[in-house]
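Visitor: just need the structure, nothing else, for what follows:
(4 chains)
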Number of protein chains: 2
Amino acid sequence: MVTIKDISKKCGFSTSTISKALNGSSEIGEETSSLIRKVANDMGYFPNAAARLLKTNRSNNIGVLFIDEMQSGLAHEYFSAVLNSLKVEAERLGYDITFISHNIGKMPMSYYEHCKYRNCDGVVIACVNFNDLSVIELIQSEIPTVTIDHIFNDSTAILSNNLQGIKDLVYHIYEYGHKKIAFIHGENTSVTNRRIAGFHNACKELDIEIPDYYIKEARYHDPKSSGLATRELLQLSVPPTCIMYPDDFSFIGGMNEIEKHGLKIPDDISVTGYDGIYLSQVLRPKLTTFQQNTEALGREAAINIVKSIEDKKTYVPKQIWIEGKMLIGNSIKKIEF
Amino acid sequence: MVTIKDISKKCGFSTSTISKALNGSSEIGEETSSLIRKVANDMGYFPNAAARLLKTNRSNNIGVLFIDEMQSGLAHEYFSAVLNSLKVEAERLGYDITFISHNIGKMPMSYYEHCKYRNCDGVVIACVNFNDLSVIELIQSEIPTVTIDHIFNDSTAILSNNLQGIKDLVYHIYEYGHKKIAFIHGENTSVTNRRIAGFHNACKELDIEIPDYYIKEARYHDPKSSGLATRELLQLSVPPTCIMYPDDFSFIGGMNEIEKHGLKIPDDISVTGYDGIYLSQVLRPKLTTFQQNTEALGREAAINIVKSIEDKKTYVPKQIWIEGKMLIGNSIKKIEF
DNA sequence: TTGTATGCGTTATCAT
DNA sequence: ATGATAACGCATACAA
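Guide: The predicted structure follows:
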């Protein structure tokens, strides 16, 4: 391994001069500076992140909390897309990414301890149980945090505009002539709550009455439970003309159930998804859905965690809402009024 | 931050005694040792990975090369499942995971340089263009490497048994009475080559003749190209009775095309996928496919990279084949001989 | 069994 | 503009 010392020997300047030159200090003359840079380059020098960290207390490393309970994490296209965007942007800003977890080896650690152990400059928290005490400890610590899709006091939150997304969908469905709209939503999370609120808001604004039994709970990313809810809806004496699913993937369960009833989408029943994942756009009929802007979510998370690290004194936590967009497919039938 | 020095002050022993006690050295007496551990615990001490690394030259950090060209990486359920398993096992073994890439900040780095910069003890290479010179440089370096689904000299490879997988599928299809079997395969990679070999091997063993025009090339994870290939196959004067797809996801394209022709699966035409992802098991009819053991792939990758790190002297690179298993669905029709 | 001293590679402070 | 020196937190060779 070639160190700053080796360069020092090679070109006669002291290690401190080398260090300064390599870090672009204005103290060093232009000629020496460029000479040193040239030599360093020729020798294949690369700074040792650990040594630098020891002095500067900056690791240029961002921790990512991404807990894969019930495989809905990395396997979930929405989250993996966000993660990917986060990674790309963080790298562009000069930061690496390390996964944070409990239990490294035999040592049980809290998330906070793991972050300290790895000297993470900041942490992005996504796809976890936000009620976990260990998560709360981390958020309340001195380490800068950014959360995705969940609001905490004193922590910046990047939020997909779920309220607007559902409203857009309902308005769109309404424009196609539907008033008997059923809504299958996911399990109880703040995201779900916002979506439910969005649904009711839109219905109220449009002045359409939705009976309680048109609202069903299922689980995200779980076609089975959405299939079950679909069956119940189809068996009603006055079934809905359009069913909204918790997400594109769980719609698959509804699709199977609808087919089993001998019905056809969208002729006999209309449907919508949520997320706008790749799958939704290759199914036929193409799914009408609301696409979350995963690229922006990841990017903003990266930008803001870096900002809060580098401007620690002046940075003020905030909420950043990321808008999505409608993807119009062929899963909704136009009904005459 | 509480350091070894603070503990030293607190309980009167020197820093070296503290260090030894905390690392479980047998030099230190049991009473002092347990006292020190207790104090350390009370004070909330955690070792500083960077400082330790500087002394020991061991980071307990594994680099992961996981390049998301054309979004078939993290968004691809197969790879993300492997990555997740890798992460879980690595953590169990006491290692963290850091993504490796080109270009951290403004600094352009080769993969190798990035690894050195972060002091990675070893690197797992998956889902990359294995012909990339920068990848080859990394493999040939002194850093231990493990590759997934690709064989390099002097590097351990974890390999999903693609040859056997395709053979199992063909045998299964044959048992259901099919002899006119079409095979849509992915783009030219070593994985694809093995699968094609497996296909031809099985056909030869079963003594069935497959015309060249039953073999089509498409792209992995791309329903469109598989849909196109499907169309061509269906337009043949003697179309196949069964179509094998490159992977479960790209089958969606075939499914649409088949439907468009007014055909029904499996009554009019049989199909198989590959991978055994979640999606394949929630579609109706359930897809008959070959499931790769992503859990084992990731786990073995972790186990072996750690072994090659910790037994650097004695470890011998090897190839480890991971078997998968048939998932029997309802996408193949039984044909009378 | 415990303590002292040194150095890992880097940066920061203070001289020169 | 450049250099000497100390310090970051830890582990280890060696001394006691």
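Visitor: beyond the lowest-mean-pLDDT helix or strand in chain A, next helix or strand please.
Guide: Using mean pLDDT, DSSP states H and E, helix A:77-92 stands out as the lowest-scoring helix or strand of chain A, at a mean of 90. As assigned by DSSP states H and E, the chain's next helix or strand after helix A:77-92 is strand A:96-100.
Visitor: what residues does chain A put near DNA strand D?
Guide: Counting by Cβ under 7 Å from any atom of the strand, chain A comes close to DNA strand D at A:12-17, A:20, A:26-29, A:32-33, A:51, A:54-55. Backbone N, C-alpha and C define where each C-beta goes, glycine included.
Visitor: going by contacts, tell me the helices and strands next to the least confident helix or strand of chain A.
Guide: strand A:61-66, strand A:96-100, strand A:122-126, helix A:294-310 (3 or more Cβ pairs under 8 Å, 6 or more residues apart in numbering or on different chains; DSSP states H and E).
Visitor: redo the ones you listed as JSON lines? Include mean neighbour count, distance to DNA strand C and mean pLDDT.
Guide: Shown next, in JSON lines, are those (neighbours: other Cβ atoms under 10 Å in any protein chain shown; distance: least, Cβ to the nearest atom of the strand, whole Å; pLDDT from 0 to 100):
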{"stretch": "strand A:61-66", "mean neighbour count": "24", "distance to DNA strand C": "15", "mean pLDDT": "93"}
{"stretch": "strand A:96-100", "mean neighbour count": "24", "distance to DNA strand C": "16", "mean pLDDT": "94"}
{"stretch": "strand A:122-126", "mean neighbour count": "25", "distance to DNA strand C": "19", "mean pLDDT": "95"}
{"stretch": "helix A:294-310", "mean neighbour count": "22", "distance to DNA strand C": "14", "mean pLDDT": "96"}
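Visitor: could you dump those to CSV with distance to residue A:280?
Guide: Output for the helices and strands packed on helix A:77-92, formatted as CSV (distance: least, Cβ to Cβ, whole Å):
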stretch, distance to residue A:280
strand A:61-66, 23
strand A:96-100, 28
strand A:122-126, 21
helix A:294-310, 13
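Visitor: among the residues of chain A next to DNA strand D, which two are most distant?
Guide: Maximum pairwise distance among the residues of chain A next to DNA strand D (Cβ to Cβ): 28.5 Å, between A:29 and A:54.
Visitor: those two: which has the busier surroundings?
Guide: Shown here are residue A:29 and residue A:54; by other Cβ atoms under 10 Å in any protein chain shown, residue A:54 has more neighbours (16 against 11).
Visitor: burial count for the residue of the stretch 201-337 of chain A found nearest DNA strand D?
Guide: The stretch 201-337 of chain A approaches DNA strand D most closely through residue A:312 (17.5 Å), counting by Cβ to the nearest atom of the strand. The number of residues packed near residue A:312 is 12, by other Cβ under 10 Å.
Visitor: show me what contacts it?
Guide: In this structure, residue A:312 makes contact with residue A:144, judged by Cβ atoms under 8 Å, 6 or more residues apart in numbering or on different chains.
Visitor: before we move on, what about residue A:108?
Guide: residue A:102 are the contacts of residue A:108 under Cβ under 8 Å, 6+ apart.
Visitor: ok, now how distant is the residue nearest in space to the middle of chain A from DNA strand C?
Guide: Taking Cα atoms, centre = their mean as the criterion, residue A:82 is the residue nearest the geometric centre of chain A, at 4.1 Å. Distance, residue A:82 to DNA strand C, by Cβ to the nearest atom of the strand, to the nearest Å: 32 Å.
Visitor: and what of residue A:18?
Guide: Look at residue A:18 and DNA strand C: by Cβ to the nearest atom of the strand, they are 7 Å apart.
Visitor: and that residue, what element?
Guide: Assessed by DSSP H and E, residue A:18 sits inside helix A:15-22.
Visitor: which neighbouring elements make contact with the helix or strand following that helix?
Guide: Sequence order places helix A:30-43 as the next helix or strand after helix A:15-22, per DSSP H and E. Other elements packing on helix A:30-43 under the criterion 3+ Cβ pairs under 8 Å, 6+ apart are helix A:4-11, helix A:15-22.
Visitor: make a markdown table out of those and add distance to chain B and mean neighbour count.
Guide: Output for those, formatted as a markdown table (distance: least, Cβ to the nearest Cβ, whole Å; neighbours: other Cβ atoms under 10 Å in any protein chain shown):
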| stretch | distance to chain B | mean neighbour count |
| --- | --- | --- |
| helix A:4-11 | 14 | 16 |
| helix A:15-22 | 11 | 19 |
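Visitor: what does the stretch 151-300 of chain A have sitting close to chain B?
Guide: A:223-224, A:249, A:252-253, A:255-256, A:259-260, A:278-279, A:282-284 (Cβ under 8 Å from any Cβ of the partner chain).
Visitor: about what we covered before: ok, which of the helices and strands packed on helix A:77-92 comes nearest residue A:77?
Guide: helix A:294-310 (8.5 Å).
Visitor: so which elements touch that closest one?
Guide: Using 3+ Cβ pairs under 8 Å, 6+ apart, the elements in contact with helix A:294-310 are strand A:61-66, helix A:77-92, strand A:122-126, strand A:145-148, strand A:156-160, strand A:319-322.
Visitor: 7 Å instead, please
Guide: Applying 3 or more Cβ pairs under 7 Å, 6 or more residues apart in numbering or on different chains; DSSP states H and E, one finds that helix A:294-310 contacts helix A:77-92, strand A:122-126, strand A:145-148, strand A:156-160, strand A:319-322.
Visitor: how about CSV for the ones you listed, with distance to residue B:40 added?
Guide: Shown next, in CSV, are the helices and strands packed on helix A:294-310 (distance: least, Cβ to Cβ, whole Å):
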stretch, distance to residue B:40
helix A:77-92, 33
strand A:122-126, 24
strand A:145-148, 26
strand A:156-160, 34
strand A:319-322, 39
